[in-house]
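Visitor: here are the coordinates; sequence isn't available:
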């Protein structure tokens, strides 16, 4: 499921990049995005360096054969950007599912997704109703400080509720801290994708989800959240400090 979503999001990413008159290696990028996403199912100590090295070298070789000199380097940069931004970051969600042999992985993934949804939903409704102070007007003019702060509280509340329903090595303090991190990094991920769209002079990444834009618009906060929760899970389970 993550591979399918990542593939569609990467296609939107490369389509937007192509609108700037730079031609990324779309099909090459799509293949490597999927390979990165499924890489946690294999020996990461071997596979991840191999994928990263091959993405750099093979894409350059392809561009030497295919592209004009004027756009070759920009095409290479955009190709790798899509692979790393979407493929590598989403692979942490798969790695999180496999965490601790998959025993606790499911609960960590549920925590990551639901706290993220809690943050997004609370930020949207509170920001739309009471938002007055713009958070980053030059990047995303509709986001407000009121909505951002409400998103933090929404994520924390969902996190505290979830530790009573899921089998996770988290105390209430740990759940509050992780909820805070999920909201902050999720909102930063949202702003990063908004900055990308503004650079591409686009309002939405696509039209796959009517009324919501493209799949890239829906996954932007998940990209950062999966990484944060993965490393937090490693810390919490390895030290027992937050239990």
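Guide: That came through, no problem. On a predicted model such as this, the values are computed, not experimentally measured, just so you know. Residues are numbered from 1 along each chain as shown.
Visitor: and the top helix by length along the chain, average pLDDT?
Guide: Criterion DSSP state H: the longest helix present in the chain is helix 172-199. The average pLDDT within helix 172-199 is 93.
Visitor: Within the helices and strands, which one has residue 71?
Guide: Remark: residue 71 resides in helix 69-82, with elements defined by DSSP states H and E.
Visitor: how deep is residue 51 tucked in, by neighbour count?
Guide: Applying other C-beta atoms under 10 Å, we find 20 residues neighbouring residue 51. No exception for glycine: its C-beta is placed from N, CA and C like everyone else's.
Visitor: Measure how the host helix or strand of it sits relative to helix 69-82, angle-wise.
Guide: Residue 51 is part of helix 44-66, with elements assigned from DSSP H and E. If you take axes from the mean of the first three to the mean of the last three C-alpha atoms, to 10 degrees, helix 44-66 sits at 160 degrees to helix 69-82.
Visitor: quick one: contacts of the helix holding residue 71?
Guide: 10, 13-14, 17, 21-25, 28-29, 33, 55-56, 59-60, 63-64, 67 (C-beta atoms under 8 Å, 6 or more residues apart in numbering).
Visitor: what about 10 Å?
Guide: 9-14, 16-18, 20-26, 28-30, 32-33, 52, 55-56, 59-60, 62-64, 66-68, 196 (C-beta atoms under 10 Å, 6 or more residues apart in numbering).
Visitor: From the residues you listed, list just the buried residues.
Guide: 9-14, 16-17, 22-26, 28-30, 32-33, 52, 55, 59, 62-63, 67, 196 (16 or more other C-beta atoms under 10 Å).
Visitor: What residues of the longest helix of the chain count as buried?
Guide: Buried, per 16+ other C-beta under 10 Å, within helix 172-199: 174-187, 189-191, 193-194, 196-197.
Visitor: Now do that helix: which elements does it pack against?
Guide: The contact analysis (3 or more C-beta pairs under 10 Å, 6 or more residues apart in numbering; DSSP states H and E) places helix 172-199 against helix 2-18, helix 105-130, strand 134-136, strand 140-144, helix 145-162, helix 215-239.
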